[in-house]
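> 3D, please:
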Amino acid sequence: MPALTVGFDLDMTLLDTRPGIAAAYRALTERTGVRVDAEAAVSRLGPPLRTEIARWFPPEQVDEAVRVYRELYPAYAMTPTVPLPGARAALDAVRRRGGRVVVVTSKLGRLAKLHLNHLGLAVDELAGDLFAEEKATALRAHGATYYVGDHVADMVAAEAAGVPGIAVTTGPCSADELRAAGAAVVLADLTGFPAALDGMIRLALKQ
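You can find the predicted model right below:
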């Protein structure tokens, strides 16, 4: 059996970033004068930032809006962000089983690192600015044996990387949507992760 390496998505898998992201969008509106419905935006976290920005800004302004948002982000998004239920225990569970933790996220890597450092969440590797199939490249590069995420695109990433996807329904996607996207296991949140991981390890050992 390969050495245990578990990949985790960040937003709405490990962290509830909605309050902080909403605050950053409100600051973007104030800075640019272009209204972004912050609550609508955070209801569909998962895809790259540019996808959401393009809903509100004309094409010729998207690049600058992305730059300004990322400039504002550290001041507005860190403090309101908290770990989701079971997040710390999930990382601990991987390490207790001799495994490594890799975060693979669509968020820009330096901003993801700020979140992890702010909350004292230690990971072994971090890959950012990746979405859907793009995440598979990082998962393969770091030898991931499982990938945990909240979005159907995370399950697409797991399938593309050839590893089982473990889904949580803490994000915008329903259990049925996650199963349809290929999730091997669907959990309400990460509090169920240690037991699910043990079950998947046992299954792998039998194969």
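
> could you tell me which ranges of the chain sit under the pLDDT cut-off?
Residues of the chain that meet the criterion pLDDT under 70 lie in 1-2.

> care to break this structure down by domain?
5-16+82-206, 18-77 (automatic domain parsing).

> check contacts around residue 149.
Residues near residue 149 by C-beta atoms under 8 Å, 6 or more residues apart in numbering: 8, 9, 13, 155, 157, 158, 165, 166, 167, 168, 171. In short, each C-beta sits where N, CA and C put it, glycine included.

> how many residues are close by the third one?
Other residues within reach of residue 13, judged by other C-beta atoms under 10 Å, total 29.

> surely it and residue 147 touch.
No: counting by C-beta atoms under 8 Å, residue 13 sits too far from residue 147 to count as a contact (9.8 Å).

> what sits in contact with each of these two?
Common neighbours of residue 13 and residue 147 (C-beta under 8 Å, 6+ apart) are residue 154.

> on that earlier part again, using CSV, lay out the contacts of residue 149 together with secondary structure and distance to residue 67.
Formatted as CSV, the contacts of residue 149 follow (DSSP: H, G, I helix; E, B strand; the rest coil; distance: C-beta to C-beta, whole Å):
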residue, secondary structure, distance to residue 67
8, strand, 27
9, coil, 24
13, coil, 26
155, helix, 31
157, helix, 26
158, helix, 31
165, strand, 33
166, strand, 34
167, strand, 33
168, strand, 31
171, coil, 26
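
> name the member of those residues with the most neighbours.
Busiest of those [other C-beta under 10 Å] is residue 168, holding 34 neighbours.

> for it, name its beta-bridge partners.
residue 187 (DSSP bridges).

> show me the helices in this protein, by range?
Secondary structure of the chain by DSSP state H: the helices cover 18-32, 38-42, 49-56, 62-77, 87-96, 109-119, 133-141, 152-161, 175-180, 193-206.

> right, I'll leave it there.
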